[in-house]
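Asker: Just to be clear, the model below is a prediction. Sequence and coordinates:
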Amino acid sequence: MKGKSSIFHILLLFVLFSCSGKKITEKNPSSGIISDSLQEIISIDTVQIYKISDELTLNGRVTLDPKQTARVFPIFGGTITEINAEIGDYVKKGNTLAIIRSGEAADYEKQLKDAVENVKTAQRNLQATEDMFHSGMTSEKDVMIARQELTNAHNERQRLQEIFSIYHIQPNSFYQIKAPVTGFIIDKNISKGMQIRNDQDEDLFTISGLNDVWIIADIYESDINKIHEKDSVRITTLAYPDKEFTGIIEKISHILDPESKTMNARIELKNIDHILKPGMFTNIHVQSTLFEKSMPRIDTQALIFENGKNYVIAITPDNRTKIKEIEIYKQSGKYCYLSSGLNEGEKIITQNALLVYNALKAN
């Protein structure tokens with residue numbers, strides 16, 4: 001491995017300096033023209049002027065998007081006889097989650113049977129009244145009354161049939177709990193044989209689509225004046241250390257929790273592939289802009305620190321490399337702002353800058 005590294009280093013020195021006859025010193029470091037081979041292992045950025053942003057890190061957590069969340073409560077009291085879904089299951093709208101045997105369902109079942117019989121009775125009464133009317137034995141008013149009674153019987157039967165459809169009532173006093181939306185079961189508060197009431201406060205299931213989630217950030221009192229709605233944020237998690245999610249602060253609560261002394265900020269994110277799970281802890285890196293200053297900004301990958309000083313590898317107008325000392329005004333996350341050393345429009349090496357620096361120093 002050492003041999004390969006040495007060969008690579010020698011090749012790099014050759015690439016850097018083969019085209020130049022100049023002697024390079026620490027006081028005036030420079031090199032030959034950048035070759036195609038060198039360009040394959042480096043990245044070059046152009047220095048630009050930006051307003052200074054300050055990155056503040058907040059703690060937070062992933063929560064459900066209420067717009068995509070449904071809480072399922074019982075319609076009637078009864079006994080749980082069957083459960084068809086568990087926490088983590090993916091269910092589609094209309095899937096049966098549980099079956100409950102209920103005295104209230106039995107009462108509706110009886111009412112529907114009575115309503116069906118009432119329709120048959122009203123039909124027979126109307127037929128008899130019409131026959132009597134044609135024979136001159138009753139009046140037209142009696143016929144109208146009989147027709148209205150049949151209409152009322154039909155309406156009552158239809159009302160009960162709709163109740164059966166809405167509440168998924170089945171024969172033998174059973175009714176089904178069905179998923180009102182498509183999503184994941186994220187909470188479940190029932191077990192087989194459990195007795196439930198129709199007025200209980202606790203839901204049976206909670207279902208969420210998880211296509212979108214909220215990130216709730218905790219803002220400490222000392223940081224309240226640094227955070228604003230529409231500030232840009234970067235979000236990282238322990239579960240995915242190599243992934244970074246970006247968004248903006250949609251809303252700040254403006255109410256301080258008396259116990260934690262924090263205020264909440266909300267970020268809404270698209271949850272591609274459902275990788276963010278409710279309850280996950282997050283770090284929220286807030287980009288807060290300080291409008292009074294603008295300075296040259298570079299990627300921190302371009303920085304080289306040695307003997308208490310900071311350097312970068314600049315690209316001269318004639319396409320040569322040169323070590324330049326810089327002064328850092330502020331470093332914030334991925335970027336740093338410079339008070340001196342570089343001007344807007346200058347080009348610098350970011351990727352493998354240290355390798356080029358070492359080669360220049362060694363020459």
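Answerer: Yep, it's here.

Asker: How far does stretch 273-287 stretch from one end to the other?
Answerer: 26 Å (Cα to Cα, to the nearest Å).

Asker: buried stuff in it?
Answerer: Across stretch 273-287, burial judged by 16 or more other Cβ atoms under 10 Å covers 276, 278, 280, 282, 284, 285, 286, 287. Every residue, glycine included, has its C-beta placed from N, CA and C.

Asker: was I right about the last one contacting residue 235?
Answerer: If I follow you right, that is residue 287. No - the pair residue 287 / residue 235 is not scored as a contact, 11.9 Å apart, by Cβ atoms under 8 Å.

Asker: Okay, buried residues for stretch 303-319 please.
Answerer: 303, 304, 310, 311, 312, 313, 314, 315.

Asker: Relative to the whole chain's centre, how far out is it?
Answerer: 40 Å (Cα atoms, centre = their mean, to the nearest Å).

Asker: contact partners of that stretch?
Answerer: With Cβ atoms under 8 Å, 6 or more residues apart in numbering as the test, stretch 303-319 has contacts from 30, 33-34, 44, 298, 302, 321-328, 336, 341-342, 346-349, 353-354, 356-357, 360.

Asker: now with 6 Å?
Answerer: With contacts defined as Cβ atoms under 6 Å, 6 or more residues apart in numbering, stretch 303-319 is touched by 33-34, 302, 321-326, 328, 346-349, 353-354, 356-357.

Asker: circling back: state the pair within the buried residues of stretch 303-319 that is farthest apart.
Answerer: Largest separation among these by Cβ to Cβ: 310 and 315, giving 17.7 Å.

Asker: any idea which helix or strand comes after the longest strand belonging to the chain?
Answerer: In the chain, ranked by residue count with DSSP state E as the criterion, the top strand is strand 281-299. Moving toward the C-terminus from strand 281-299, the next helix or strand (DSSP states H and E) is strand 304-306.

Asker: Please write out the alpha-carbon positions of whichever helix or strand comes after that next one in PDB.
Answerer: Heading C-terminal from strand 304-306, the first helix or strand you meet, by DSSP H and E, is strand 309-315. C-alpha atoms of strand 309-315 as PDB (Å, rounded to 0.1, in the frame of the first residue of the first chain):
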ATOM      1  CA  LYS A 309      -2.300  29.600   9.400                       C
ATOM      2  CA  ASN A 310      -4.900  28.800   6.700                       C
ATOM      3  CA  TYR A 311      -4.200  28.300   3.000                       C
ATOM      4  CA  VAL A 312      -5.900  27.400  -0.200                       C
ATOM      5  CA  ILE A 313      -4.600  26.300  -3.600                       C
ATOM      6  CA  ALA A 314      -5.500  29.000  -6.100                       C
ATOM      7  CA  ILE A 315      -5.600  28.700  -9.900                       C
END
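
Asker: Walk me through which strands strand 309-315 pairs with, and which way each runs.
Answerer: Here strand 309-315 has these sheet partners by DSSP bridges: strand 304-306 (antiparallel), strand 321-332 (antiparallel), strand 347-349 (antiparallel).

Asker: Let me see the mean pLDDT of it.
Answerer: The average of the pLDDT scores along strand 309-315 is 92.

Asker: Kindly report the same for stretch 167-180.
Answerer: 93.

Asker: Any buried residues in it, and which?
Answerer: 167, 168, 169, 173, 174, 175, 176, 177, 178, 179.

Asker: and which of the buried residues of stretch 303-319 is nearest to residue 224?
Answerer: Nearest to residue 224 among these, with distances taken as Cβ to Cβ, is residue 303, at 32.1 Å.

Asker: Report the separation between the closest one and residue 218.
Answerer: 31 Å (Cβ to Cβ, to the nearest Å).

Asker: do the same with residue 356
Answerer: Going from residue 356 to residue 218 by Cβ to Cβ gives 43 Å.

Asker: Looking at these two, which one has more neighbours?
Answerer: For residue 356 and residue 218, the more surrounded residue by other Cβ atoms under 10 Å is residue 356, and the numbers stand at 23 against 17.

Asker: check contacts around that one.
Answerer: By Cβ under 6 Å, 6+ apart, the contact set of residue 356 is 313, 349.

Asker: That one and residue 309: what is the separation?
Answerer: According to Cβ to Cβ, residue 356 and residue 309 sit 17 Å apart.

Asker: can you check residue 124 too?
Answerer: Distance, residue 124 to residue 309, by Cβ to Cβ: 105 Å.

Asker: try residue 317
Answerer: Residue 317 is 24 Å from residue 309, by Cβ to Cβ.

Asker: and if you look at residue 163?
Answerer: According to Cβ to Cβ, residue 163 and residue 309 sit 81 Å apart.

Asker: got the angle for the longest strand of the chain vs strand 321-332?
Answerer: Here strand 281-299 runs at an angle of 140 degrees relative to strand 321-332 (axes from the mean of the first three to the mean of the last three Cα atoms, to 10 degrees).
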